[in-house]
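# predicted model and sequence below, questions to follow.
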Amino acid sequence: MQGEIDPQTGERRGLMLVLSSPSGAGKTTISRALLAENEDLAMSVSATTRRPRPGEEDGRDYSFVEPVDFNLMINRDELLEHAKVFENYYGTPRAPVEAALSAGKDILFDIDWQGTQQLAHKAGDDLVSIFILPPSTDALEMRLKSRAQDSDEVVAQRMSKAAEEISHWSEYDYVVVNDDIDRCLREVKAILTAERVRRNRRTGLINFVNRLREGY
């Protein structure tokens, strides 16, 4: 699916689409589906101070930077959001996001509520935020265990953290319940389609409407 640009009304401004959820609620599956179906949607590439892991590529998975350079980016207000996770820093560089939005491209963010709050402060109307809820805590725990990626201790930690994350649901523009992945994906797609044609994003509308008023 393309970016829903109407040739009669000119190019639109892109948007920043945030998906947040507790671990195991399905945002990774939904993100992959959206990226596979939308040529005008790209995943945000974060900058980080941690070392690359095997198979990771600079500029594709992350932009790997030295701690001193990351601090300079903070001081120069070159990051839309940033946070310290364990002993490393992660953040979203402002310049590539702004360039994409100006070109009518959408950027997808897989970040938590804290990062979303920072983006909301700096992004304004460019931001569209969606929080994905599990149908129940039992279902969430079952999904985490069925992945067989984490020990029981780690699953318990994720479940404990989930309660805090879920408490921020009301700070988001949209909330969807992932009780069925296909239905949930349809709802997220509907939100994206609607937000793409918001009046303030369709930058060519003024000229188009003026032509209509002049009889063209």
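On my side now, so go ahead.
# who's in contact with the closest residue to residue 168 other than its chain neighbours?
With C-beta to C-beta, 6 or more residues apart in numbering as the criterion, residue 168 has its nearest non-adjacent residue at 3.9 Å, and that residue is residue 113. Glycine gets a C-beta too; all of them are placed from N, C-alpha and C. When contacts are counted by C-beta atoms under 8 Å, 6 or more residues apart in numbering, residue 113 touches 20, 165, 168, 171.
# now do residue 26
Residues in contact with residue 26 (C-beta under 8 Å, 6+ apart) are 132, 134, 143, 178, 181, 184.
# in this structure, which spans are helices?
27-37, 67-75, 94-102, 113-123, 137-146, 152-166, 181-196, 205-213 (DSSP state H).
# okay, those helices, which one's buried deepest?
With neighbours defined by mean count of other C-beta atoms under 10 Å, none of the helices of the chain is more surrounded on average than helix 113-123, at a mean of 18.
# would you mind checking the average pLDDT for it?
On average, the pLDDT along helix 113-123 is 92.
# same check, this time on stretch 208-216
When pLDDT is averaged along stretch 208-216, the result is 87.
# centre of the chain to it, how far?
37 Å (C-alpha atoms, centre = their mean, to the nearest Å).
# which other residues reach stretch 138-155?
Residues contacting stretch 138-155 (C-beta under 8 Å, 6+ apart): 22, 23, 24, 25, 26, 134, 158, 159, 162, 179.
# any regions of the protein where pLDDT drops low?
Low-confidence regions of the chain, defined by pLDDT under 70, span residues 1-10, 147-150.
# can we see that at 90?
Where the chain drops to pLDDT under 90, the residues are 1-11, 22-28, 53, 61, 83-87, 110-112, 124, 135-164, 203-212, 215-216.
# just grab the bridge partners of the residue nearest in space to the middle of it for me.
Among the residues of the chain, the one closest to the centroid is residue 109, at 2.1 Å (C-alpha atoms, centre = their mean). Taking DSSP bridges as the rule, residue 109 bridges to residue 18.
# against residue 165, how distant is residue 22?
Computed as C-beta to C-beta, to the nearest Å, the residue 22 to residue 165 distance reads 5 Å.
# repeat for residue 117
Distance, residue 117 to residue 165, by C-beta to C-beta: 13 Å.
# equivalent analysis for residue 118, please.
16 Å.
# check the contacts of residue 113 and tell me the two furthest apart.
165 and 171 (11.0 Å; C-beta to C-beta).
# could I get the phi/psi values of residue 104?
Main-chain dihedrals, residue 104, degrees, to the nearest 10: phi 80, psi 20.
# burial check on the closest residue to it other than its chain neighbours, number of neighbours?
Leaving aside its chain neighbours, residue 104 sits nearest to residue 11 (4.6 Å; criterion: C-beta to C-beta, 6+ apart). Residue 11: 16 surrounding residues under other C-beta atoms under 10 Å.
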